[in-house]
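> What would the 3D arrangement of this be:
(chains A and B)
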Amino acid sequence: MFQSLVYDLKEALKLFRKGDILQLRGLSNRLIREASVEDNLAKAELGVIAYALHKLETKNHITNNPKWHKIRKNIFINFEGAIYSINNNQNEQFFKKLKKIILDINKIDADLGNFAQGIYEKSKVKQASLAYSYGLSISKAAEITGADKKELQSYIGFTTMHDEENEQKSIKQRVSELKNVLVV
Amino acid sequence: MSSNEKLGVIDSGTMITFSSTCLMNVFVNFVKKNKLTLLVSNDVASESVWKPLNNKRFALNAARIKHLFNSGVVKVIPANDSDPLEDKILSIANSCFYSNGQPITIIQRGEAEALALAKINNANILFIDERTTRSLFENPFRLKQVLEKRRQENIVLKMEKVNLLKSMFPDLKIFRSVDIIALAYEQDLFDGEFDKGKLELEAALYSTKFAGCSVSEREIEEYLAGK
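Modelled structure (predicted):
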């Protein structure tokens, strides 16, 4: 069932090992795009993980800390475990390995991060906004990434996404329609 | 419901817009002035109130929405009555667009639930701030363009599915929080909250935009230019 994710997991592991931040982000965006077409929650989760790892790798105060080197090794092991699980049709194990990676991300973030809201939570919202930009509704985009709908809605409000699209009706037209339907 | 009341369904996103700005009182004034009966499903209530009440970051917003329910401004309807209809709506809506031969799941149960609630209760007004559900009814070609532009691939639009969905809601009119605020201003419902002035109107309209309502700057500026 998750066989198609083996390539993506290997790619994510390879780029993370290399510390190739830009490619890791690119991979994340591709995974979210595909997940939004396929309605694939596992792929979306991997997309969010790849984004969060890219984000961690951009922060010198994290990458220069010895704790990060230890956590990185754990993450390598869990990526390899996830690949092994899929290859052996152990779906439950596969999800457990992904969860362990997320736990590691949250752990390093809690230990060394500077913000109350964690990198993984922010990554979910960021990548959910990407899914929304691909045409999914806010609720659907939140669902596939696990993002909080309120945070997503607020995040989208500060992007230019809604400025790029032409509306069918103006506010004036809608107000006029609203008046008409409210007239008793 | 008395005979001169109007029935509408409100999505969680629209309530979130009002609760996360300082416009909740304006919204309540609007509902009362226009004798609107607003419905939400139990699941939407859970999504916008019961779950966020446990999250310190969103608990205050959730408490504001909870007050809407408890004071009767918005009525919570048990959702299980509408399940088969929700499934039907989900199935049709999520087979309107195809990419590489695969249907694109564009809406989620929450939106289908709001639509089902409107259908079951013969409500012809739906307040929803997000773009996708609205575009599906009003301009599916625009949604097709959005999908194609963002995904950089050809999207097949199945108009027969869109028409089937529309035929289920022949009288449905869709509005956003920004439209409510604009009309509330015209109806002098800013009283007690803000002075009535263009600056206040502009600030209120933009606050809905920044809270996530799908409205463009151009739309707001066009509207303000006519004021």
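
> Touching, B:Val73 and B:Val28? I think so.
Yes. Under the criterion of C-beta atoms under 8 Å, B:Val73 makes contact with B:Val28 at 5.5 Å. C-beta coordinates here come from the backbone N, C-alpha and C atoms, glycine included.

> Looking at the two, which one has more neighbours?
Under the neighbour definition other C-beta atoms under 10 Å in any protein chain shown, B:Val73 and B:Val28 were set side by side, and B:Val73 has more, 20 against 17.

> in chain A, which spans are helices?
Along chain A, the stretches classed as helices by DSSP state H are A:5-18, A:21-38, A:41-57, A:60-63, A:66-87, A:91-112, A:119-133, A:138-145, A:149-157, A:171-182.

> Now do the first one against helix A:66-87: the angle between them, please.
When you say that, I think you mean helix A:5-18. Angular relation of helix A:5-18 and helix A:66-87 on a 0 to 180 degree scale: 160 degrees, by axes from the mean of the first three to the mean of the last three C-alpha atoms, to 10 degrees.

> Quick check: pLDDT value at whichever residue of chain A sits closest to chain B.
Evaluated by C-beta to the nearest C-beta, chain A has A:Gln153 as its residue closest to chain B, separated by 3.3 Å. At A:Gln153 the predicted local distance difference test score is 92.

> Any buried residues in stretch A:41-51, and which?
When neighbours are counted by 16 or more other C-beta atoms under 10 Å in any protein chain shown, the buried residues of stretch A:41-51 are found to be A:Ala42, A:Lys43, A:Ala44, A:Glu45, A:Leu46, A:Gly47, A:Val48, A:Ile49, A:Ala50, A:Tyr51.

> so what's the fifth one up against?
What that stands for is A:Leu46. A:Leu5, A:Asp8, A:Leu9, A:Ala12, A:Leu31, A:Leu98 (C-beta atoms under 8 Å, 6 or more residues apart in numbering or on different chains).

> mind checking pLDDT for B:Leu201?
The pLDDT attached to B:Leu201 in the predicted structure is 96.

> swap that for A:Ala116, sorry
Turning to A:Ala116, the model gives it a pLDDT of 64.

> Then the one 5 residues further on?
On the pLDDT scale, A:Glu121 is placed at 93.

> what's the burial count for it?
Neighbour number of A:Glu121 under other C-beta under 10 Å is 20.

> mind listing what it touches?
So, once contact is read as C-beta under 8 Å, 6+ apart, A:Glu121 ends up touching A:Ala147, A:Asp148, A:Glu151.
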